[in-house]
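1. Output the structure for:
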Amino acid sequence: DRWLQYCRQTYNSALLDKQRKYNRSNESYTRYDMQTQLKLDKKKYSFLKEVPSQPLQEVFLRLTKAFDNFFRKDAKYRKLKKYKDYNSMTFPQFGFNNKGNRYAMSFSQNRKLFNKNLGEIDIKLHRPLEGTMKQLIIKRQGERWYAIFCVERQAVPRTIDSHNVVGIDVGLNKYAVLSNGMEYENPTFLREKEKQLKKAQRKLSKRKKGSANYIKQVHRVRQLHEKVANQRRDFLHKLSYRLSKDYGVIVVEKLNIRNMVKNRKLSKSISDAGWGMFRNMLDYKCEKNGDALIKVEPHFTSQDCSSCGERVKKSLSIRTHLCTKD
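-> Next up is the predicted model:
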């Protein structure tokens, strides 16, 4: 946890330096500049030497990618990270090098995680790791810690079946309606836990901030939120996996979810649905399975006739289209 805080502080420091340099001289603060500054900081602040060098250097890669996404308009401008916002650190190399020397993180003879400063760390491997281990991410989620392995292995993608096509329309009443008539119900996990969350948050507001009972109640609220997030993620993983396995070409709407959640009446339901997460899961699962995911602009998709192309204006309550030229 302390290492994670050092990574967060390094991230915030580099972000402030980047902003400061741009404001003064209108020049970019590059990743090389960040690494040079880190060498100077390690001489001044000895506690930075506790952390393996690779996770600290990977912080600068995150910041660089974040600004690249911002300039491509794929993300918002970066802000300083709070404790709850910075939850993972990356070890770009894992195991042993060509000379047989250990990297910062590796497996011990007992198949436990090993670091020379921390020793052996108990780990529950819930499935075997296939392929060459290239990277390790240590992630904090609530009171639990997770090890996420990135492995390299040979995969032969299947050929795209262009005749096996399906369109998906996501919604709030029905989570997904397919063009072949199949429907998937919206589980609304947040709505189901809403009463418990309100009760837990009401108790939290009555506790004295910083007291032992306050901290216990914070953990209780956090556990409820984690339960909802895990349920949602599990549902979306299973649904996206099933669809990517069953169809060769999947067509979805390219929804601007960031604008949609500005609607106060629907924002909670849209956030609970996790449409963006679902689309991202479909994207990488289709790529992995050799499928094609096509994102279409949502404008007039319910008004343009798929048969003749004629545009027929409708209200949102009308869900059926009849072609006038058939």
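
2. contacts and neighbour counts: CA atoms only from here.
-> Fine.

3. how about the helices in this structure?
-> Applying DSSP state H to the chain gives helices spanning 2-25, 31-44, 53-71, 189-206, 212-246, 257-260, 267-273, 275-289.

4. Just put these in JSON lines and tack on mean pLDDT, mean neighbour count and distance to residue 322.
-> Listed next are these as JSON lines, based on pLDDT from 0 to 100; neighbours: other Cα atoms under 10 Å; distance: least, Cα to Cα, whole Å:
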{"stretch": "helix 2-25", "mean pLDDT": "94", "mean neighbour count": "17", "distance to residue 322": "55"}
{"stretch": "helix 31-44", "mean pLDDT": "93", "mean neighbour count": "14", "distance to residue 322": "57"}
{"stretch": "helix 53-71", "mean pLDDT": "93", "mean neighbour count": "17", "distance to residue 322": "42"}
{"stretch": "helix 189-206", "mean pLDDT": "91", "mean neighbour count": "14", "distance to residue 322": "36"}
{"stretch": "helix 212-246", "mean pLDDT": "91", "mean neighbour count": "16", "distance to residue 322": "28"}
{"stretch": "helix 257-260", "mean pLDDT": "78", "mean neighbour count": "12", "distance to residue 322": "28"}
{"stretch": "helix 267-273", "mean pLDDT": "84", "mean neighbour count": "18", "distance to residue 322": "29"}
{"stretch": "helix 275-289", "mean pLDDT": "88", "mean neighbour count": "18", "distance to residue 322": "28"}
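
5. closest one to residue 120 among the ones you listed?
-> Residue 120 lies closest to helix 2-25 among the helices of the chain, at 16.5 Å (Cα to Cα).

6. quick one: that closest one to helix 31-44, angle?
-> 120 degrees (axes from the mean of the first three to the mean of the last three Cα atoms, to 10 degrees).

7. what's in contact with helix 2-25?
-> If you take Cα atoms under 8 Å, 6 or more residues apart in numbering as the criterion, helix 2-25 is touched by 27-29, 34, 48, 50-51, 55-56, 59-60, 63, 80-83, 86-89.

8. same check, this time on stretch 44-61
-> Contacts for stretch 44-61 (Cα under 8 Å, 6+ apart): 3, 6-7, 10-11, 14, 31, 34-35, 41-42, 89-92, 104.

9. How about stretch 281-291?
-> 157-161, 236-237, 240-241, 244-245, 247-250, 292-293.

10. dump the residue contacts of residue 207.
-> For residue 207, the contacting residues are 213-214, by Cα under 8 Å, 6+ apart.

11. what pLDDT does it get?
-> Per-residue pLDDT puts residue 207 at 93.

12. ok, it to residue 201 distance?
-> 10 Å (Cα to Cα, to the nearest Å).

13. rewinding a little: tell me which two of the contacts of stretch 44-61 sit farthest apart.
-> Top of the distance list for the contacts of stretch 44-61 (Cα to Cα): 14 and 104, 23.1 Å.

14. Contacts only, for the residue most central in space within the chain.
-> Note on the chain: the residue nearest the mean C-alpha position is residue 277, at 7.4 Å, using Cα atoms, centre = their mean. By Cα under 8 Å, 6+ apart, the contact set of residue 277 is residue 236.

15. what do you get for residue 163?
-> 248-249 are the contacts of residue 163 under Cα under 8 Å, 6+ apart.
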